[in-house]
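Colleague: I'll drop the sequence and a predicted model, then ask my questions.
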2 protein chains.
Amino acid sequence: MTTYNPVTDKIADELRKIVGEKYVIFKDSEKLEPYSHDEIPGKDYAHMPEVVVRPRTKEEISSIMKLANREMVPITPRGAGSGLSGGAVPIKGGILLSVDRMNSILEIDRENLMIVVEPGVVANEINEAIREFGLFYAGYPMSLETCFIGGNVAENAGGGKAVKYGVTSRYVLGLETVMPTGEIVEFGGKLLKDVTGYNMVQLMIGSEGTLGLFTKIILKLVPLPKAQVDLLCLFKSSEEAIAAVPKIMTTAGITPTSIEYMDKDSVQAACQYLNENIPYQKAGAMLLITVDGTDKQQVEKDYELVGELCIKEGAIEVYVADNSTTSERIWKVRRNIPEAFSVFSKRQSGEDIVVPPASIPKVVIEFKKLSEKFGVVIPCYGHAGDGNLHSRISPPPDWTDKKWKETLPLILEELYKVTASLGGRISGEHGIGHKRKKYMRKVVSEEYMDVIKSIKKALDPNCILNPGKIFDL
Amino acid sequence: MTTYNPVTDKIADELRKIVGEKYVIFKDSEKLEPYSHDEIPGKDYAHMPEVVVRPRTKEEISSIMKLANREMVPITPRGAGSGLSGGAVPIKGGILLSVDRMNSILEIDRENLMIVVEPGVVANEINEAIREFGLFYAGYPMSLETCFIGGNVAENAGGGKAVKYGVTSRYVLGLETVMPTGEIVEFGGKLLKDVTGYNMVQLMIGSEGTLGLFTKIILKLVPLPKAQVDLLCLFKSSEEAIAAVPKIMTTAGITPTSIEYMDKDSVQAACQYLNENIPYQKAGAMLLITVDGTDKQQVEKDYELVGELCIKEGAIEVYVADNSTTSERIWKVRRNIPEAFSVFSKRQSGEDIVVPPASIPKVVIEFKKLSEKFGVVIPCYGHAGDGNLHSRISPPPDWTDKKWKETLPLILEELYKVTASLGGRISGEHGIGHKRKKYMRKVVSEEYMDVIKSIKKALDPNCILNPGKIFDL
């Protein structure tokens, strides 16, 4: 394991010279504390940085990287801190590099249907900025009101529209990147296709800030869909609801924008948290299905087809939201499920497994079995249409911390074993960070780990950038 | 530069033991010759292999890789040999590894909308096999009747439907890969999203056989579009035709499946080669625009919108092909342009530049200028909708070989300079191979080259696999 040096007064002074005095936080634990954790409930995965720097330019970041290599001090990059795997947590101390000041939309390129942004732009701001031009960025992470686009790229965020539109990686065309050794390199560009060299853009996406720091991001835009309808499909049981998902994907002959699954516990938690009332929240489980398109009539045809299919598959009611207010009410409930659970309890394990889409019903059944076997609650929700299911494993209130900490690994052991047996993986969109790294070998081979470690070593020989994430070196 | 050892009798014997006597070609120049070139016209980029091996399994390939590392003999992987950048040409001699025997469709997974294939499956066979299930693989390289899917993945093939459907990379979910050092590793899987480790699948795609050899490929399928219409839009001049392209992309509010550009020379060459007559082949230039979708009425609406827009942008005629026979006739002409040029002359340089889509008209103007300046012909055609233009620079018949070989680099120098100034790259889908490697630094930085070389060295320390492609090590 690499050993690092502490951040000395001299190093802090050099950092101040690079970014300016007011953009360095050092020896002030109150101000450092917010940078010690992400959105994982509780403090199990938190760690204090020694110093926080908030650069404004790629040149500043390059200087910081070079300094860190020279002094053998680790750097942890941080976006909005809205992650769920500890990816932005400085677990080796050292320098926490926040990109929050790099928050400009640099260019809206209507001729090429592209936008150029800095990493600290909030995901939602992108669509706010381009709506008037009839354009649309298809990324839709559930934390879109707070998360930064830089973090979306680093984690290859998925989200609510990935069934039709794919995940973040489909829209990232170019990345200006500061390498771990300080070089500034342009990968990709305003290009819809490009085989000039290796696909470094795609290698960088989802590398969780371990291979480089993005200073400029070129995103592809699409024409804004002119019509959208959401269907809230209510089922008696979670089994019936989830069993309908693969059938919608394969038999309707259309690709919905979203197929989100929410069980009763999830819906009720979010409604309680938001003080919201959505119809039939006592149904056993719901599917939230979105259909969008360029033509209103076509969208109507499509949603009728999907609605009928859900009824055929056992839905007891299909509620249609065809205006933006109602649609946003329902989606807000969906988006706030994780936050609601976080508020209600600090003792929980948020899971993010992904399996081949047709196997998603098996996962729900497995969660239910584990819930009964271990006496915990495991509410489930998530992006069922693409095989990615979230859950929040939580102990009963009377469990001691000791019992919880002893039992959780046993539950995860079994859950990941099932996931692996279905050809699945332990993270679909939240990332491995340091939360899941010890479970990597449950789903990938030793040879796979060797390959990715060798790439890390090739690009970051001193292991300066975001060490202790995905694997240890 | 790495030095390699020759293939000895002893090595040939070992190869025979691995794959079986009849699947090794050694010391038989007549049988070795077909493996010495790809589809680049002429012999400038050809090189004879010392031995050809045709393995059937991943284990055999693994053994060959290990042998090559031990003996320091290079391996060049080969699909159908339909490439256009010399990627499959064994320029260092050594072992030519053909995947032509690994040609099975292993599984059609209708529940997950996926297909699992071996690398030697012909691209077109995939759609033949799945049509009856209402499914569709969206890759559509122009050589689809002959090219192998393994080569499509290695070069990240683009093709005719990429405007709407994207290139090969969007559909590759998993790659069983034999690494250059012989380990067999699974990357990705039947997963629509996955952030469990680095995105090795996407790094492998387009790496031109330099980072690993794919033995199993998992592809995503989509519902077969129920309706398709092709518009052949005729313009008086190439300038008018190409100027319409960015406008179609930005103002129609829909994304056509294809926007192909063909100038007069290209259309006439292909028609002559095929002995075909398509309407109005004497127009100055044509756009072949495809619109497809799940609904016939919607497709009709869309194509009318596009057709009207073309007329507004100066099209003198819009010819509608709404049945598969007529459609295939037109597309066959488009697909056969490169072959037609190859047959007519061995002296030509096929280019594949890609620029931001809105800059595509500038490239056509630039080709015209260069044509006049140097007194050569430069017919242009290609995937204008995604900014990727092909051309075949050819000298007049009376030029000596010497004059042609002296002049071509001067033409390319100027062309690539313009490409770079527009933020473009020298290959959109054909790859760098060894044909274009000396021009890499025209469009990417030294730092970029260092990054990709370091990845190559990390995964292939002896530089055994496809050496001399993309860069020299």
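Modeller: That came through, no problem.

Colleague: and A:Glu107, that's in a strand?
Modeller: Yes: A:Glu107: assigned to a strand according to DSSP: H, G, I helix; E, B strand; the rest coil.

Colleague: can you classify A:Leu175 as helix, strand or coil?
Modeller: Under three-state DSSP, A:Leu175 falls in the strand class.

Colleague: and the pLDDT for A:Gln281?
Modeller: Looking at A:Gln281, its pLDDT is 68.

Colleague: same thing with the one 5 residues further on?
Modeller: The predicted local distance difference test score for A:Met286 is 94.

Colleague: excluding its backbone neighbours, what's nearest A:Lys362?
Modeller: Among residues not flanking A:Lys362 along the chain, A:Leu422 sits closest, at 6.3 Å (CB to CB, 6 or more residues apart in numbering or on different chains). (Each C-beta comes from the backbone N, C-alpha and C, glycine too.)

Colleague: just checking, that neighbour touches A:Ala358?
Modeller: No: between A:Leu422 and A:Ala358 there is no contact under CB atoms under 8 Å: 9.4 Å.

Colleague: ok so, going back, report pLDDT for the residue nearest to A:Lys362.
Modeller: On pLDDT, A:Leu422 comes in at 96.

Colleague: likewise for A:Gly253?
Modeller: pLDDT for A:Gly253: 80.

Colleague: how much space between it and chain B?
Modeller: The gap separating A:Gly253 from chain B is 5 Å, by CB to the nearest CB, to the nearest Å.

Colleague: so what's the residue of the stretch 151-300 of chain A found nearest chain B up against?
Modeller: Of all residues in the stretch 151-300 of chain A, A:Gln202 sits closest to chain B, with a separation of 3.4 Å (CB to the nearest CB). A:Gln202 makes contact with A:169, B:169, B:199, B:202-203, B:205 under the criterion CB atoms under 8 Å, 6 or more residues apart in numbering or on different chains.

Colleague: one more time with 6 Å
Modeller: B:199, B:202 (CB atoms under 6 Å, 6 or more residues apart in numbering or on different chains).

Colleague: can you tell me the helix or strand for it?
Modeller: According to DSSP states H and E, A:Gln202 maps onto helix A:200-204.

Colleague: the next helix or strand after that helix pairs with which strands, and in what direction?
Modeller: Per DSSP H and E, the first helix or strand lying C-terminal to helix A:200-204 is strand A:213-220. On the basis of DSSP bridges, the sheet neighbours of strand A:213-220 come out as strand A:114-117 (antiparallel), strand A:172-178 (antiparallel).

Colleague: between those strands, which gets nearest to A:Lys17?
Modeller: A:Lys17 sits nearest to strand A:172-178 of all the strands paired with strand A:213-220, at 18.0 Å, using CB to CB.

Colleague: so what secondary structure elements neighbour the very next helix or strand once past the closest one?
Modeller: Heading C-terminal from strand A:172-178, the first helix or strand you meet, by DSSP H and E, is strand A:184-188. Secondary-structure packing of strand A:184-188 (3 or more CB pairs under 6 Å, 6 or more residues apart in numbering or on different chains; DSSP states H and E): strand A:172-178, helix A:200-204, helix B:446-459.

Colleague: most packed of these?
Modeller: helix A:200-204 (a mean of 26; mean count of other CB atoms under 10 Å in any protein chain shown).

Colleague: distance between it and the chain's centre?
Modeller: Relative to its parent chain, helix A:200-204 has a centroid offset of 17 Å by CA atoms, centre = their mean, to the nearest Å.
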